[in-house]
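Enquirer: structure of the sequence below:
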Amino acid sequence: MVAFKVGTVLLLLLLCTCMCTSTADLRTYDVLVYSANSAGVGAAVAASSNGKYRVAVMEPLKMIGGMGAAGGVALMNQGCGLAGVTGLAKNWSLLCGQYYYGTPRMVTFPSMNVSAYAFWQLLNSSGSVDTSVGCRAVNVTKDGSCLTKVDFLCDDDNQLVTIQAKYMIDASYDGDLMTMAGGIDYTSGRESREVFNESLAGVSLLPWNLENFAAANLSINPYFPNGTLLKYIDEDPLQPVGTGDDKVMAFQYFPCLSPTDGNKVPFYPPPGYNPDDFTLLLRQIQGLVANGKYPDGPPLGYFGGIQCYDNIVEQVTGNRDCLFCCGTGPVDADQPNLNHGWANANYTRKQEIEQQHRYYLQGSLYFMANDPRVPNGTRQSAQGYGYCKDEYKDFGNWPPQLYVRISNRLQGMSTLTQNNIVNPRVKPDGVSMGCWEFDQHTESRHVIVDPKDPTNKTKILTNEGFFRASLGTESLHCEDPRADCTSGGNWYDVPFGVMVPKRGQASNLLIPVVISASSVAYASTRIENMFMDLGTAAGVAVVQLMEKASQTSSNDSGCGLAVQDTNITAVQDVLVNVYGQRVHGPPTPQPSPSHEHGYTVVGAGSDVWNGNYSFTRMYTDERPIFEKDEDSTRKLYSWNHTWRLAIEGHEIFYVSPQTPDDNPPLNGWKVANGTAPAPSLIMRNGTQ
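Expert: Below you'll find the predicted structure:
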């Protein structure tokens, strides 16, 4: 409570300073959109209604696109493949393709510079959208249930700008307008299992392979020789399974890494770098050498997944640029614990948390590439990459957007939970189609007593909170061949009501990102192209209300017709017929080639990968999956524009660039986490 009062005083002093030193800039618009991420861009384009209405877009960063550009992922996460990319998200992908191919063609994983370019093209298409970057919301004025104006600090906090608008769309990743307005129900953290009767809710210790110390056969001493706890371990005791708390899944920066000579910026130590801070990482590396999993040290890809942009990017630029994402090891590019308290933190504290995340990942990459205690195999693997020189040039080649996977969440007119997200899948008020598994990253890391020690004296580490499960079969991890996480089976309709505050709480505000969902359900809904769909639906809704208000004298909410009275059927009609957006599943099936042939893998250094692979089904990007005849966990498939020999969702052993057609290449394979040499493939008939 004291911290809240101090923060409030500091904010008032800051606002006073700005107003006393410069004239407040008051601007009036029909619609205010906060954040120029994918949802915000969709909302602004739709709300402008081809130039009929004036829209202000205020983006807190100095680069637009949110995670779709400033954060590194573009719109490449589609659990239903390209069939799930519709509406303005598809328009964005065609603009990216136009840039590279000179003709409209869907590209969902361009460079982040091109992604931002495509978002700007959409924002500028109507001529009535004014976009300002580097402007963060600091105060919301509310009259009853009506949000009347929002104060922003712009130009490195040197300019106060006030926006008045009839309707507001809060597309921010934290729900800033929602929380500042007051009187709107919202929540953060994790519900206990009892709240919604969700089997995945609360503290979770599922015995699955990813990010799991026990599964990696690692028993790491969590203490320095002097008895103090290693850095990046939660000091609090592990709570009982199913307990609710205020924690959220790990955040992460997604830097662009390149192996291309001439385009690599060598990993550098962050300010204040101390190699002792990375002792936990070192002990993991040493443990993987000792247990024989990686005798020469794990590759960089064990710490973080290396997912390269669409092949056309390299063809045009000559540079192989890759997203550095989520690792599979228990100590990886995700760092739990650092984001504790984020959802309700003030601006200063959030900047500190962002800096801690930069320090962790920049320091880890530098440590693996340079520390003499790191085995040669790991050091050479890390030294093979550097930050992409051609990305984020205005930000030191580092993405400005932290991946805030989950934060505050609205408690609105409708709420998605683990149980109702696919039961039923088709919802009458659906305005978007979601398509992603329950994908929650580690929430915290704790010291526990080694269950194998009968004396109860040995202390080891455990990660808590991770799950990646198919919707409707939550007891199965996505790497289980019985789970359906890859063929578009995780689709569901997203109802309009999840972005609508309760009646009487906010009559002119829609919230398309921090939607009304349980923590478990949000682990599925947190996908950028779905956010863009919801933003578009929000923009269409406010246009409907403004047009209806112009035809009637009704004004029962005091600031225009209430968003709670939106005609959802009419919104659906516009989304489908004007924007080409899918509002109901299932995704349109893509024509499947016969794939009567299979492949024989030969020459792999890891002999378990050699053998016959037969076609089983289509993957999410409409490419085939082949499974080893003797072991269905070993798969040959394409994902994120790379063919893989991998245990799906767990570990990649060999990779090859994607070919223009549906078939894997016969040659040109490279070692990822497998043993050299890399294999080659022989095509065989399905009858063999």
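Enquirer: for G412, which non-adjacent residue is spatially closest?
Expert: If the residues on either side of it in the chain are set aside, G412 comes closest to S516, at 3.6 Å by CB to CB, 6 or more residues apart in numbering. From N, CA and C alone the C-beta is placed, and that goes for glycine too.
Enquirer: what sits against the one you found?
Expert: By CB atoms under 8 Å, 6 or more residues apart in numbering, the contact set of S516 is 409-416, 497-499.
Enquirer: got the contact list for M106?
Expert: Contact analysis of M106 by CB under 8 Å, 6+ apart lists 82, 85, 90, 93-94, 97.
Enquirer: next: E211.
Expert: So E211 contacts 327-330, 332, 334, 441-442, 463, 466 (CB under 8 Å, 6+ apart).
Enquirer: mind putting those into a markdown table with secondary structure, neighbour count and pLDDT?
Expert: Shown next, in a markdown table, are the contacts of E211 (DSSP: H, G, I helix; E, B strand; the rest coil; neighbours: other CB atoms under 10 Å; pLDDT from 0 to 100):
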| residue | secondary structure | neighbour count | pLDDT |
| --- | --- | --- | --- |
| G327 | coil | 21 | 78 |
| T328 | coil | 23 | 82 |
| G329 | coil | 24 | 91 |
| P330 | coil | 23 | 96 |
| D332 | coil | 24 | 96 |
| D334 | coil | 26 | 94 |
| H441 | coil | 25 | 95 |
| T442 | coil | 24 | 95 |
| N463 | strand | 24 | 96 |
| F466 | coil | 24 | 94 |
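Enquirer: now tabulate these in a markdown table and tack on distance to P240.
Expert: Shown next, in a markdown table, are the contacts of E211 (distance: CB to CB, whole Å):
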| residue | distance to P240 |
| --- | --- |
| G327 | 28 |
| T328 | 27 |
| G329 | 26 |
| P330 | 21 |
| D332 | 26 |
| D334 | 24 |
| H441 | 21 |
| T442 | 18 |
| N463 | 16 |
| F466 | 17 |
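Enquirer: neighbours around P266, how many?
Expert: A count of nearby residues for P266, using other CB atoms under 10 Å, gives 12.
Enquirer: re the thing from before, ok, and the most crowded of the contacts of M106?
Expert: Among the contacts of M106, the one with the most neighbours (other CB under 10 Å) is S93, at 26 neighbours.
Enquirer: does that residue sit in a helix or strand, and which one?
Expert: In this assignment (DSSP states H and E), S93 forms part of helix 87-101.
Enquirer: again with V655
Expert: Element membership for V655, per DSSP H and E: strand 651-657.
Enquirer: quick one: strands adjacent to that strand?
Expert: Paired neighbours of strand 651-657 in the sheet (DSSP bridges): strand 642-647 (antiparallel), strand 670-671 (antiparallel).
Enquirer: got phi/psi on N346?
Expert: N346 adopts backbone torsions of phi -80, psi 180, taken as degrees, to the nearest 10.
Enquirer: can you give me the helices in this protein?
Expert: For the chain, helices defined by DSSP state H occupy the ranges 2-21, 38-48, 87-101, 112-123, 176-181, 193-196, 279-290, 300-303, 311-317, 347-370, 376-383, 519-525, 528-550, 568-577.
Enquirer: quick one, what contacts the closest residue to T675 other than its chain neighbours?
Expert: Closest residue to T675 apart from its sequence neighbours, by CB to CB, 6+ apart: G605 at 3.5 Å. By CB under 8 Å, 6+ apart, the contact list for G605 reads 671, 674-678.
Enquirer: the residue nearest to G412 and A47, how far apart?
Expert: 21 Å (CB to CB, to the nearest Å).
Enquirer: kindly report the same for L61.
Expert: 21 Å.
Enquirer: of the two, which one has the most company?
Expert: Taking other CB under 10 Å, L61 and A47 do not tie; A47 has more neighbours (33 against 22).
Enquirer: so who does the more buried one touch?
Expert: 30-31, 33, 53, 55, 167, 169, 538-540, 542-543.
Enquirer: of those residues - the most surrounded one?
Expert: Ranking those using other CB under 10 Å puts V33 first, with 39 neighbours.
Enquirer: bridging residues for that residue?
Expert: So, taking DSSP bridges as the rule, V33 has V57, I169 as bridge partners.
Enquirer: tell me which residues touch it, please.
Expert: 40, 43-44, 47, 55-58, 168-169, 171, 535, 539.
Enquirer: pLDDT score for it?
Expert: You'll see V33 listed with a pLDDT of 98.
Enquirer: that one and C478: what is the separation?
Expert: 34 Å.
Enquirer: same check on L365?
Expert: 27 Å.
Enquirer: E198 now?
Expert: To C478, E198 is 18 Å away according to CB to CB.
Enquirer: by mean pLDDT, point me to the weakest helix or strand of the protein.
Expert: The helix or strand of the chain with the poorest confidence is helix 2-21; it has a mean of 42 (mean pLDDT, DSSP states H and E).
Enquirer: quick one: mean pLDDT for stretch 560-573?
Expert: When pLDDT is averaged along stretch 560-573, the result is 97.
Enquirer: quick check: buried residues in it?
Expert: 560-564, 566, 568, 571-572 (16 or more other CB atoms under 10 Å).
Enquirer: residues contacting T328?
Expert: The neighbours of T328, taking CB under 8 Å, 6+ apart as the test, are 209-211, 302, 305, 650-651.
Enquirer: give me phi/psi at it?
Expert: Dihedral angles for T328 - degrees, to the nearest 10 - are phi -110, psi -10.
Enquirer: how near is it to V138?
Expert: Plainly put, T328 is 40 Å away from V138 if you go by CB to CB.
Enquirer: one step back: now distance to V431 too, for the contacts of V33, in CSV please.
Expert: Converted to CSV, the contacts of V33 look like this (distance: CB to CB, whole Å):
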residue, distance to V431
G40, 16
A43, 12
A44, 17
A47, 15
V55, 19
A56, 23
V57, 21
M58, 24
M168, 18
I169, 14
A171, 15
G535, 10
G539, 11
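Enquirer: if anything else comes up later, I'll come back, but that's it for now.
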